[in-house]
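Undergrad: how does the following fold in three dimensions:
(2 chains)
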Amino acid sequence: MIPDRIIEQGTLSVRDGRAAVEVRLPWYRALPASCISAAKLTVDGAEAPSESLRWRMNDREFTFDEMRENTDEWWFPTDSVVLSGDVAVGAGVHRVRVDLTLYIPYIIIDDDQVLHIEEHDEKEMEVAA
Amino acid sequence: MTLRQAQAPEADGKGTPIQGVTLYSFTRAFHAREYDLDQLIRKTADEGFGPGLEVIGFSSFRGFPEIDDHFAGRFSDLVDEVGLVRTSLAINADVGLRPDRLMDQEELIAYMRRQIAAAAKLGFPIARVQISLTPDSMEALAPIAEEYGVTLALEVHADQYASHPRILALRDRYEKVGSPFLGFTMDWGATVTGFAPSLIEAYRRRGASEELLSAVVRLWDEYYEQGPPADQAEHGQRFGRFIGLAHEHGRPDLGIDFGINGTGLFGPARVDDWLEIMPWIRHVHGKFFGIDENGDEPSVPVADLITLLVDNGYSGAVSSEYEGWHWNHWQGPFEIVRGEQAIQRAAAEAAGSRMITDAAEARRTLDTHLAHAVRI
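TA: So this is what the prediction gives:
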């Protein structure tokens, strides 16, 4: 569902050895932080270590650990969030990949199992000025 | 419009469904920021897709279910200005909001109460709720629905169907509770007659072979002949066979997609299965997937479904719910919704009635429809 729009073209930025990219929700309705289970950020095949990942949403920055129980901050379908992590990026064109795992909180697939979806997107882009 | 005309279809027991649309049909345009909420509402009115307007709370309203007075007033003014009629606010039974455990009953009722209050504040007479609510939950929600004057219409959606044991258990509980504020939303995705050709075309564009695509269509047709799965085990087996087909044809990457759509989106129940719950149908999702070059919906029997509703006296809203946007990147949603609504109107007339397209008549009819909600 709309996975082709996960990465916002032209939003790759680099600062102090960290890369950041704007990410869109591949789903039709808002989800809370607690339903954003995991992400990966990969540039030219190099994946940012998971403990270095940060998720900036509604002008606040979170680790995935901090989001696990958070049902107050919601990702609205037309908002971009910023996913960042420790990964080196030099000049030129880069292949950026984002993987997302989301829980869909109203689809219960077994007695106490909630449906999760895995979506990814890859785009080529230069570091934005 | 004279009073006699408005009442004429009722004289022979035929229903006059209210034409409308859910903004969900335009998800791709909203998500792409091509239209904001106000622009989408204006577009809906300008295109004549109303008068009925359905909105998904968590899709369209930032901060939902918190709705402040200023926003509610502005929303109401806009809907009135453009001549639309609020039909259903789709709300969500997010029992898995915390992925490590499901909500308990008390938390769930409190969560749903806030959304029902939002529906009332925004002026929607119906809230669409979902199958993750049990009969016990619906019974507990009935007094809250009555308090706010909002009918709860639980969506019967593929991969379930009207005669599915879970739906019959809800129906039986409604009968016992006897509240006129409990009912169902009929979703046409439960009674589909074929694997949507536009989705086949999307797989073709992803490089699937013609042999594989023919095999997918044949497998779905086989399940259609058998009817809907009796239980979850059979459902799982069907899912597995779609995955197997993808492997056999060298496209394992498409297997889960075939399975999800083939068993979860295109429900193979027959149209008259809806008779099991017909008196409790308060709202309809006119779910469909595309319009072909002949102006027909090739996989949803739109005309048969409208005929069934008209013949059974249904005079609530039908929200056209275009779901082909998931895969159809090459056609815009507006022309497709226009095509489906034309089929609906023609079918209602062929059945000896008509669809209501006038806002004032729609408001009166919807009031009557809901006031007549079942109390056994």
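
Undergrad: and residue B:179, how close does it get to chain A?
TA: Counting by Cβ to the nearest Cβ, to the nearest Å, the gap from residue B:179 to chain A is 23 Å. For every residue, glycine as well, the C-beta is placed using N, CA and C.

Undergrad: hmm, residue B:149 and that residue touching each other?
TA: No - with contact defined as Cβ atoms under 8 Å, residue B:179 does not reach residue B:149; the gap is 12.0 Å.

Undergrad: so for these two, which sits in the more crowded spot?
TA: Higher neighbour count among residue B:179 and residue B:149: residue B:179, with 20 against 12, using other Cβ atoms under 10 Å in any protein chain shown.

Undergrad: who's in contact with that one?
TA: B:142, B:143, B:145, B:146, B:375 (Cβ atoms under 8 Å, 6 or more residues apart in numbering or on different chains).

Undergrad: hmm, stretch B:183-198 in reach of chain A?
TA: No - against chain A, stretch B:183-198 shows no contacts by Cβ under 8 Å from any Cβ of the partner chain, the least distance being 14.0 Å.

Undergrad: relative to the whole chain's centre, how far out is that stretch?
TA: 9 Å (Cα atoms, centre = their mean, to the nearest Å).

Undergrad: hmm, residue B:94 is touching residue A:105, no?
TA: Yes - using Cβ under 8 Å, residue B:94 is in contact with residue A:105, at 3.8 Å.

Undergrad: can you pick out the residue with more neighbours from the two?
TA: When neighbours are counted by other Cβ under 10 Å, residue B:94 comes out ahead of the other of residue B:94 and residue A:105, with 28 against 25.

Undergrad: list phi and psi for that one.
TA: phi -80, psi 60 (degrees, to the nearest 10).

Undergrad: okay, it: pLDDT?
TA: Here the pLDDT value assigned to residue B:94 is 97.

Undergrad: can you pull the contacts of it?
TA: So residue B:94 contacts A:105, A:106, B:103, B:111, B:132 (Cβ under 8 Å, 6+ apart).

Undergrad: so the second one, which state does it fall into?
TA: Recorded secondary structure, residue A:106: strand (DSSP: H, G, I helix; E, B strand; the rest coil).

Undergrad: and the residue nearest to residue B:91 when sequence neighbours are not counted, how many residues sit next to it?
TA: Nearest residue to residue B:91, sequence neighbours excluded (Cβ to Cβ, 6 or more residues apart in numbering or on different chains): residue B:115, at 3.9 Å. By the measure other Cβ under 10 Å, the count of residues near residue B:115 is 23.

Undergrad: surely residue B:115 is in a strand?
TA: No - per three-state DSSP, residue B:115 lies outside any strand segment and is helix.

Undergrad: my read: it touches residue B:61, true?
TA: No - Residue B:115 is beyond contact range of residue B:61, at 10.5 Å (criterion: Cβ under 8 Å).

Undergrad: circling back to that earlier point, now for the contacts of residue B:179: which two are most distant?
TA: Maximum pairwise distance among these (Cβ to Cβ): 14.6 Å, between B:143 and B:375.

Undergrad: tell me which element the residue of chain A found nearest chain B is part of?
TA: With Cβ to the nearest Cβ, the shortest gap between chain A and chain B falls at residue A:114, namely 3.3 Å. Element membership for residue A:114, per DSSP states H and E: strand A:113-126.

Undergrad: ok, now residue B:204?
TA: helix B:197-205.

Undergrad: try residue B:297
TA: Per DSSP H and E, there is no helix or strand for residue B:297.

Undergrad: I'd say it and residue B:290 touch.
TA: Yes - assessed by Cβ under 8 Å, residue B:297 is found in contact with residue B:290 at 6.9 Å.

Undergrad: and the helix or strand following the helix holding residue B:204 with helix B:197-205, angle?
TA: Using DSSP H and E, the helix or strand that follows helix B:197-205 in sequence is helix B:210-226. Angle of helix B:210-226 versus helix B:197-205, following axes from the mean of the first three to the mean of the last three Cα atoms, to 10 degrees, is 150 degrees.

Undergrad: and the contacts of whatever helix or strand comes next after helix B:210-226?
TA: Using DSSP H and E, the helix or strand that follows helix B:210-226 in sequence is helix B:232-248. If you take Cβ under 8 Å, 6+ apart as the criterion, helix B:232-248 is touched by B:159, B:212, B:215-216, B:219, B:223, B:229, B:252-256, B:258-260, B:262-263.

Undergrad: give the next helix or strand downstream of helix B:232-248.
TA: Going down the chain from helix B:232-248, the next helix or strand is helix B:255-259, by DSSP H and E.

Undergrad: the helix or strand where residue A:42 lies: partners in the sheet, and parallel or antiparallel?
TA: Residue A:42 belongs to strand A:36-43 when elements are defined using DSSP H and E. If you go by DSSP bridges, strand A:36-43 pairs up with strand A:46-47 (antiparallel), strand A:93-110 (antiparallel).

Undergrad: next, the buried residues of the last one.
TA: By that I understand strand A:93-110. A:94, A:96-108 (16 or more other Cβ atoms under 10 Å in any protein chain shown).

Undergrad: returning to that earlier point: got the angle between the strand holding residue A:42 and strand A:113-126?
TA: 20 degrees.

Undergrad: only alpha carbons, please: show strand A:36-43 as CSV.
TA: Output in CSV follows, covering the C-alpha atoms of strand A:36-43 (Å, rounded to 0.1, in the frame of the first residue of the first chain):
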residue,chain,number,x,y,z
ILE,A,36,5.9,1.7,14.2
SER,A,37,7.8,-1.4,15.2
ALA,A,38,11.1,-1.2,13.4
ALA,A,39,13.0,0.5,10.5
LYS,A,40,16.2,0.1,8.6
LEU,A,41,18.2,2.8,6.9
THR,A,42,20.6,1.6,4.2
VAL,A,43,22.8,3.8,2.0
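
Undergrad: contacts for it next, please.
TA: Here strand A:36-43 has contacts from A:12, A:19, A:21, A:23, A:47-48, A:50, A:53, A:55, A:64, A:67, A:75, A:83-85, A:87-89, A:94-103, A:116, B:99, using Cβ under 8 Å, 6+ apart.

Undergrad: pretty sure residue B:328 is touching residue B:291, no?
TA: No - counting by Cβ under 8 Å, residue B:328 does not reach residue B:291; the two are 10.5 Å apart.

Undergrad: who touches both of the two?
TA: Residues touching both residue B:328 and residue B:291 (Cβ under 8 Å, 6+ apart): residue B:336.

Undergrad: compare these two (neighbour count), which wins?
TA: The residue with more neighbours, out of residue B:328 and residue B:291, is residue B:291; 23 against 20, by other Cβ under 10 Å.

Undergrad: surely residue B:314 touches residue B:13?
TA: No - applying Cβ under 8 Å, one finds residue B:314 not in contact with residue B:13, separated by 10.8 Å.

Undergrad: tell me which of these two has more neighbours.
TA: Taking neighbours as other Cβ under 10 Å, residue B:314 and residue B:13 compare with residue B:314 leading, 26 against 11.

Undergrad: now that one. Nearest residue, chain neighbours left out?
TA: For residue B:314, the closest residue by Cβ to Cβ, 6+ apart turns out to be residue B:15, at 4.0 Å.

Undergrad: any idea how far the one you found lies from chain A?
TA: Distance of residue B:15 to chain A, given as Cβ to the nearest Cβ: 30 Å.

Undergrad: which residues touch that residue?
TA: B:9, B:309, B:310, B:311, B:312, B:313, B:314, B:315, B:353.

Undergrad: ok, the fourth one - contacts?
TA: Residues touching residue B:311, when contacts are defined by Cβ under 8 Å, 6+ apart, comprise B:14, B:15, B:351.
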